[in-house]
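Visitor: 3D model of this:
(chains A, B and C)
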Amino acid sequence: VASRRSAPPVVTLLTDFGQRDVYAGVVKGAILRALPDAHVVDLSHGVRPQDVREAAFLLESAYRYFPPGTVHLVVVDPGVGSSRRIIAAEAGEWRFLGPDNGVLSCALEDALARERTPTARRPGRRALAERRGRVIEVLEEAVRRAQARALPAGAVESSTFHGRDRFAPLAAALAAGASLEELGRPAREIVRIALPEPRVSPGGVAGEVVYVDGFGNLVTNLRPEILPRGEMVFELAGATVAGLARAYVEREPGELVALVGSTGRIEIAARESSAAEKLRAGVGTAVLARAAGSQRSGT
Amino acid sequence: VASRRSAPPVVTLLTDFGQRDVYAGVVKGAILRALPDAHVVDLSHGVRPQDVREAAFLLESAYRYFPPGTVHLVVVDPGVGSSRRIIAAEAGEWRFLGPDNGVLSCALEDALARERTPTARRPGRRALAERRGRVIEVLEEAVRRAQARALPAGAVESSTFHGRDRFAPLAAALAAGASLEELGRPAREIVRIALPEPRVSPGGVAGEVVYVDGFGNLVTNLRPEILPRGEMVFELAGATVAGLARAYVEREPGELVALVGSTGRIEIAARESSAAEKLRAGVGTAVLARAAGSQRSGT
Amino acid sequence: VASRRSAPPVVTLLTDFGQRDVYAGVVKGAILRALPDAHVVDLSHGVRPQDVREAAFLLESAYRYFPPGTVHLVVVDPGVGSSRRIIAAEAGEWRFLGPDNGVLSCALEDALARERTPTARRPGRRALAERRGRVIEVLEEAVRRAQARALPAGAVESSTFHGRDRFAPLAAALAAGASLEELGRPAREIVRIALPEPRVSPGGVAGEVVYVDGFGNLVTNLRPEILPRGEMVFELAGATVAGLARAYVEREPGELVALVGSTGRIEIAARESSAAEKLRAGVGTAVLARAAGSQRSGT
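Guide: Have a look, this model is predicted:
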């Protein structure tokens, strides 16, 4: 982690707290109590409630675009109040904090793989295991020390809002420069989430939708580098989308379009419209990529 | 209020401005014009339109988790443009600013009560009255002085957006260190909002839902310390919830669960689901807490 | 642009990214990578998808309330990935950055007109043309230089997320003090959006709704200074609203009310309710302002 002498330490928040409540604001308050010059940035509070997989996907897509030393805190935590562990990690230029339920795992694997080769996109499955020393489970005494700096007098730890009572104090400690060693002990195993992998089938490459964004764009798990060369056709939800466009405007408004999205994956969109609504498609919808000249599936 | 030499002054915003408009952003801009190093934190802009009671509840639940010296600005203001006063106050380590419609009152009473005993949760009803000197009504000349620093040349004060035209300049003045004396004169009375109090009845303790959060959790006005000892049962909206859990995961997904929430009040939730939808319950729904062995109500 | 020695440089974001995704957060991350002390403020991420006109309106209503030197970045960009240009501009005390699709044009015209007379509200139509030298089209080599400072190693420019890959780096460069000359060459013409102008008709002044805010308030293109003196009546969507109120509370809850809103335009609201829902009115709904004594339209 690079030194950050003059720059304020950055902490990002990725949660399922939504926009109605003060939960995210309170997490920021607790961080600022312990670390007044922290710069807390919202990644999103719009993760679907308890959707650990979605949070893992979003963190992986975002973490690299933040300054060296940034602490990425994820609080999507259906096991709050139970004995699930809190983990912290270092990978690449960044630090990570969250419950041990898989929310961090996709970003960690990506970041560890990129340490070796910056352009790597498909980390080896053993990357995390090899670097165990850089993932720790946080110990209770570290939580207590951090709470003493972050929480107001008389605060009682809740069993439902660890974002405020445990994660915010720890995030502030990490952002203030605490080492992983100060916070815990090496984690032997952590819970991992794997996004589904595409499969090569006789008819083409079979993938699926792994995320639907707020525009209704369907993000698939297909990457252009795993597809055969030449013109492609994409089939999903009964529709056929021909070719990879470079920009939405290459199609007519409302028309379906396939292009390489900002995470490097192929996305199916509808120009100035919602592909998700148009196709009634969502996470898990099957997508077949086949060469343009090949037979249609099912015919 | 503690001195804040190196730390940027914090201002929080709690409004009903919603997410679509630029209103909250403009309030921040005006604060930054007057106080460029201010750190403005969103508490929430998702208060139901004109719901003063909800804002009062949310502020009370959040204010303590911010750094000493934080200025809490609340703009939920159905009387905007009328002769309703603007009030400012100091209590505990924090400062408060908002319309005199009750939005500040719950937090002020809580903070004043905690000045005497940090763990107090039920402030005496006379706390505010005793400390009148620390609640002021803002005078027009102070508004004018603050506006001169915060608003752009040629700005015309509106009668519909006091958040921008009056509250933001005043919040910047407070955060810059202005004393209450500089801004106004002691307020004799302020409008107060009281959350409904639970009543002890023959069948148990009768309370009600006072807030529904974005997860659909039903926050009641029952606190565990006012309930009889021993195993409890909670009845609401025709359902019965047995026992106080320590964590959501002690129940099955979708199952109702009662636990002590993050504000110290008993909440009825549905694990990984919405209790509000499941029970069609909302603010005002009656909740009866009774000893586990006692007779069901109405039988 | 005033010097900003000690104050952190401010960048505002106005986008259609919504609240679910991490897009806005990632834009902030990229800005902070290049300019760690930047203060990034959300204007709104709730612009209707691809609604360039709405974004232009919102920016015009907001830009003046930010500190001198603020960089206003707008990313509402249906032409992303195409050959549409990126433009940057200086006007008044502020700087502007966005796609050349009209999103900046209303604010630029307003700011240039106000340079001559701070209270001017209706800029001459030739203001922009006269000041061409202060609107530039950004050149590719400037994008590359800015990207080198803002984007992580191995980042591949996407054709769908220029907010992250092109606008954020450029916003950081502008906020760090780059001159327009360093970023590009004078733009001969830029795309302009004009809000519809009211027309004087025999029966009164005919305007229309140009924006509906989150409260359901209907913002019209009528300004009080273009209306005849004396008591007015407003007709829209089959309803008649008498008189200009100074505050919502001058009407009963739910009742329609006309008043001068925070942008200086006449707004039709329903006290503590939504006029848009009540009248089933929206952007484009015709509004007729006539003298109170005059004949009703259509009778």
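Visitor: Name the helix or strand of chain A that has the lowest mean pLDDT.
Guide: Least confident helix or strand, chain A: helix A:127-130 with a mean of 45, by mean pLDDT, DSSP states H and E.
Visitor: so who does A:Q50 touch?
Guide: A:D16, A:V76, A:D77, A:P78, B:E272 (Cβ atoms under 8 Å, 6 or more residues apart in numbering or on different chains). Where C-beta positions appear, they are placed from N, C-alpha and C, glycine not excepted.
Visitor: Return the member of those residues nearest to chain C.
Guide: Set against chain C, the nearest of those by Cβ to the nearest Cβ is A:D16 (10.7 Å).
Visitor: Which helix or strand contains the closest residue in space to the closest one that isn't next to it in sequence?
Guide: Of all residues not flanking A:D16 in the chain, A:V47 sits nearest, at 4.2 Å (Cβ to Cβ, 6 or more residues apart in numbering or on different chains). Element membership of A:V47, judged by DSSP states H and E, is empty: it is in no helix or strand.
Visitor: Could you look up the SS state of A:E60?
Guide: helix (DSSP: H, G, I helix; E, B strand; the rest coil).
Visitor: got a list of what the residue nearest to A:D16 touches?
Guide: Taking Cβ under 8 Å, 6+ apart, we find A:V47 in contact with A:L14, A:T15, A:D16, A:E54, A:A55, A:L58, A:V76.
Visitor: Neighbour count for these - can I get that in CSV?
Guide: Output for the contacts of A:V47, formatted as CSV (neighbours: other Cβ atoms under 10 Å in any protein chain shown):
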residue, neighbour count
A:L14, 28
A:T15, 23
A:D16, 23
A:E54, 22
A:A55, 30
A:L58, 30
A:V76, 27
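Visitor: Which residues of chain A lie near chain B?
Guide: A:17-26, A:28-30, A:32-33, A:36-37, A:40, A:49-50, A:78-82, A:151-156, A:158-161, A:164-165 (Cβ under 8 Å from any Cβ of the partner chain).
Visitor: any idea how far A:V11 is from the residue most central in space within chain A?
Guide: The structure's chain A has its C-alpha centroid closest to A:L59; by Cα atoms, centre = their mean the separation is 2.0 Å. Applying Cβ to Cβ, to the nearest Å, the value for A:L59 to A:V11 is 14 Å.
Visitor: Are there residues contacting both of these two? Which ones?
Guide: With Cβ under 8 Å, 6+ apart as the test, A:L59 and A:V11 both reach A:H72.
Visitor: Buried residues in stretch A:232-245, which are they?
Guide: Residues A:M232, A:V233, A:F234, A:E235, A:L236, A:A237, A:V241, A:L244, A:A245 are the ones in stretch A:232-245 that count as buried (16 or more other Cβ atoms under 10 Å in any protein chain shown).
Visitor: what does stretch A:134-142 give?
Guide: The neighbour-count check on stretch A:134-142 (16+ other Cβ under 10 Å) flags A:R134, A:V135, A:I136, A:E137, A:V138, A:A142 as buried.
Visitor: Max pairwise distance over the residues you listed: which two?
Guide: A:R134 and A:A142 (16.4 Å; Cβ to Cβ).
Visitor: so A:I87 sits in a strand?
Guide: Yes: membership of A:I87 in a strand is supported by three-state DSSP.
Visitor: Do a quick rundown of the strands in the stretch 151-299 of chain A.
Guide: Using DSSP state E, counting those that start in this stretch, the strands of the stretch 151-299 of chain A run over A:184-186, A:199-201, A:204-212, A:218-220, A:232-236, A:239-242, A:244-245, A:256-260, A:266-270, A:286-291.
Visitor: What pairs with the second one, parallel or antiparallel?
Guide: In this case it means strand A:199-201. Sheet pairing here is set by DSSP bridges, and for strand A:199-201 it gives strand A:204-212 (antiparallel).
Visitor: what angle sits between the strand it pairs with and strand A:266-270?
Guide: 60 degrees (axes from the mean of the first three to the mean of the last three Cα atoms, to 10 degrees).
Visitor: Specify the angle between strand A:204-212 and strand A:232-236 in degrees.
Guide: 60 degrees.
Visitor: For strand A:204-212, output the C-alpha coordinates as CSV.
Guide: Taking only C-alpha atoms (Å, rounded to 0.1, in the frame of the first residue of the first chain), the coordinates of strand A:204-212 have been written out as CSV:
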residue,chain,number,x,y,z
GLY,A,204,-21.2,-22.1,-29.6
VAL,A,205,-20.3,-20.7,-26.2
ALA,A,206,-23.0,-20.9,-23.5
GLY,A,207,-23.1,-18.2,-20.9
GLU,A,208,-25.6,-16.4,-18.9
VAL,A,209,-26.6,-13.0,-17.5
VAL,A,210,-24.7,-12.2,-14.3
TYR,A,211,-25.9,-8.7,-13.6
VAL,A,212,-28.6,-6.3,-14.8
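Visitor: Helix, strand, or coil at the closest residue to A:V191 other than its chain neighbours?
Guide: Sequence neighbours aside, A:G102 is the residue nearest to A:V191 in space, at 4.5 Å (criterion: Cβ to Cβ, 6+ apart). For A:G102, the assignment made with three-state DSSP gives coil.
Visitor: okay, A:G102: pLDDT?
Guide: For A:G102, the pLDDT comes out at 97.
Visitor: Look up phi and psi at it.
Guide: Per-residue torsions, A:G102: phi 100, psi -10 (degrees, to the nearest 10).
Visitor: Distance check, it against A:I87.
Guide: 10 Å.
Visitor: Please apply the same query to A:W94.
Guide: According to Cβ to Cβ, A:W94 and A:I87 sit 14 Å apart.
Visitor: how about low-confidence regions in the stretch 1-150 of chain A?
Guide: Applying pLDDT under 70 to the stretch 1-150 of chain A picks out residues A:1-6, A:117-133.
Visitor: ranges for the helices of it?
Guide: Remark: helices assigned in the stretch 1-150 of chain A by DSSP state H, counting those that start in this stretch are A:23-34, A:52-62, A:105-116, A:127-130, A:140-150.
Visitor: mind listing what's buried in the third one?
Guide: Okay, so that is helix A:105-116. Using 16+ other Cβ under 10 Å as the test for burial, helix A:105-116 gives A:S105, A:C106, A:A107, A:L108, A:E109, A:D110, A:A111, A:L112, A:A113, A:R114.
Visitor: Relative to chain B, which of the residues you listed is nearest.
Guide: Distances from chain B to the buried residues of helix A:105-116, taken by Cβ to the nearest Cβ, are shortest for A:S105, at 19.9 Å.
Visitor: re the thing from before, quick check: the residue nearest to A:V191 touching A:R53?
Guide: Yes: counting by Cβ atoms under 8 Å, A:G102 does reach A:R53; the two are 7.5 Å apart.
Visitor: Find residues that contact each of these two.
Guide: A:I193.
Visitor: which non-adjacent residue is nearest A:E255?
Guide: A:R271 (5.6 Å).
Visitor: OK, contacts around that neighbour?
Guide: Here A:R271 is in contact with A:Y248, A:V249, A:R251, A:E252, A:P253, A:G254, A:E255, A:V257, C:P78 (Cβ under 8 Å, 6+ apart).
Visitor: and with 6 Å instead?
Guide: In this structure, A:R271 makes contact with A:Y248, A:R251, A:P253, A:E255, A:V257, judged by Cβ atoms under 6 Å, 6 or more residues apart in numbering or on different chains.
Visitor: Would you agree the second one is in contact with A:V257?
Guide: Yes: contact between A:R251 and A:V257 holds when scored by Cβ atoms under 6 Å: they sit 4.3 Å apart.
Visitor: From C:A176, how far out is the closest residue to A:E90 other than its chain neighbours?
Guide: Spatially, and ignoring its direct neighbours in sequence, A:E90 is nearest to A:R134 (4.9 Å; Cβ to Cβ, 6+ apart). According to Cβ to Cβ, A:R134 and C:A176 sit 33 Å apart.
Visitor: How about A:R20?
Guide: A:R20 is 36 Å from C:A176, by Cβ to Cβ.
Visitor: same deal with A:G243?
Guide: 40 Å.
Visitor: do A:P67 as well
Guide: 14 Å.
Visitor: So for the two, which sits in the more crowded spot?
Guide: Comparing A:P67 with C:A176 by neighbour count (other Cβ atoms under 10 Å in any protein chain shown), the higher total belongs to A:P67, at 25 against 16.
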